[in-house]
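Q: how would this look folded up:
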Amino acid sequence: MNETSIEEFLNIIISNMDEKNGITTTEIYNLFPNINNKTISWRLYKLVQEKKLFRNGHGNYTIKAKDNNLSMGYDYMSIVSKKIYNESFNYGYNFYISGIDSLAGELLHIPENYPVIVVVEKDDINNFAEILSDLGLFVITEKNKKLIEYSYIKKEIDVLILKGKRNDLSIDNIAIKEKAFIDLYYAVTRLNYPFSIQELKKTYENLNRNKSITKTKMKQAAQDLIISTEISWLLELDKFSKNTKEFMYNMLGD
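A: The predicted structure is shown next:
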């Protein structure tokens, strides 16, 4: 497409857009049956970066500003994350970048080096890991998570791959903030990911303070990793009385 056709592309989308709900990616694909879906996705990404289109919390394209729960996008990702993001489009897998890269603006401190969290469907993990390894990246999955226990290995890890099905919790292959936090929480609490519990706590508090997350999306993200019970508890923590919290603290101490 040349620049003129890009404008035509945008105008066709806008003319078919519902004023209230916007337009879905599938609906956009159907508007352009003679254009490859990957090409359409890249054009949509470019229009979002140019702020000619926005994505709302439901994943639809609109001409209104974004919701707070969307990540700050590609420009704020690390160099390694951008490399993974760019290369992964060549292989046709469903994937998205999550964790720290999707939480820019919410973290009080971003580590200088950290494993990029990538979410891929379970059946594709091994092939996807092989692709990233061929790019010269040190990749681990939950199957070889014991490697993180060794400090001399942990600092060399480039990528952590997690399984996930909920692609609706990502926009332009970047996790929304609820999913990004849940994946980071899971990595820290289950896989010894190099991000402190104190920083995780501050990140959660910041997300709440900025009204960047919703309980519904948090619960949906938790279901993807089968940690719904503890996340539901976390979301209701502020409703517990002082005595309830003290009781729970003592029970955990035992």
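
Q: sec struct for Ile157, please.
A: Here Ile157 is recorded as coil under DSSP: H, G, I helix; E, B strand; the rest coil.

Q: tell me the domain ranges of the protein?
A: Domains of the chain are assigned by automatic domain parsing as 3-62, 74-239.

Q: and the first one, average pLDDT?
A: It stands for domain 3-62. Looking at domain 3-62 alone, the average pLDDT works out to 83.

Q: and the nearest residue to Glu87 once chain neighbours are set aside, what's its pLDDT?
A: Counting by C-beta to C-beta, 6 or more residues apart in numbering, Glu87 lies nearest to Leu135, which is 6.0 Å off, once chain neighbours are set aside. No exception for glycine: its C-beta is placed from N, CA and C like everyone else's. Predicted confidence (pLDDT) for Leu135: 94.

Q: wait, Leu135 sits on Lys83?
A: Yes. If you go by C-beta atoms under 8 Å, Leu135 and Lys83 touch, sitting 7.0 Å apart.

Q: okay, the two: which has more neighbours?
A: Lys83 (17 against 14; other C-beta atoms under 10 Å).

Q: what sits against the more buried one?
A: Leu135, Leu137 (C-beta atoms under 8 Å, 6 or more residues apart in numbering).

Q: quick one: it from Gln223, how far?
A: 30 Å (C-beta to C-beta, to the nearest Å).

Q: now Tyr186
A: 12 Å.

Q: more neighbours, those two?
A: Comparing Tyr186 with Gln223 by other C-beta under 10 Å, the one with more neighbours is Tyr186, at 23 against 15.

Q: go ahead and confirm the more buried one touches Leu225.
A: Yes. With contact defined as C-beta under 8 Å, Tyr186 counts as touching Leu225 (5.0 Å).

Q: who touches both of those two?
A: What both Tyr186 and Leu225 touch, as defined by C-beta under 8 Å, 6+ apart, is the set Leu162.

Q: residue ranges with poor pLDDT in the stretch 101-250 of the chain?
A: For the stretch 101-250 of the chain, no stretch has pLDDT under 70.

Q: and the strands in it?
A: 116-120, 139-141, 159-163, 170-171, 174-175 (DSSP state E, counting those that start in this stretch).

Q: dump those strands to CSV, plus distance to Lys217.
A: As requested, the strands of the stretch 101-250 of the chain are exported to CSV (distance: least, C-beta to C-beta, whole Å):
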stretch, distance to Lys217
strand 116-120, 15
strand 139-141, 25
strand 159-163, 17
strand 170-171, 11
strand 174-175, 11
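
Q: got those strands as TSV, with distance to Leu44 and mean neighbour count columns?
A: Putting the strands of the stretch 101-250 of the chain into TSV (distance: least, C-beta to C-beta, whole Å; neighbours: other C-beta atoms under 10 Å) gives the following:
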stretch	distance to Leu44	mean neighbour count
strand 116-120	20	26
strand 139-141	28	21
strand 159-163	25	21
strand 170-171	10	25
strand 174-175	13	27
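
Q: out of the ones you listed, flag the one nearest Asn30.
A: Ranking the strands of the stretch 101-250 of the chain by proximity to Asn30 (C-beta to C-beta) places strand 170-171 first, at 19.5 Å.

Q: thinking again about what came up before, can you tell me which of the domains of the chain is packed in deepest?
A: Sort these by mean neighbour count, taking mean count of other C-beta atoms under 10 Å, and domain 74-239 sits at the top with a mean of 18.

Q: thought Pro115 was touching Phe195?
A: No. Between Pro115 and Phe195 there is no contact under C-beta under 8 Å: 9.5 Å.

Q: now the helices for this protein?
A: Counting by DSSP state H, residue ranges of the helices within the chain are 3-15, 25-31, 37-49, 79-88, 125-134, 151-154, 177-191, 197-209, 215-224, 228-235, 242-253.
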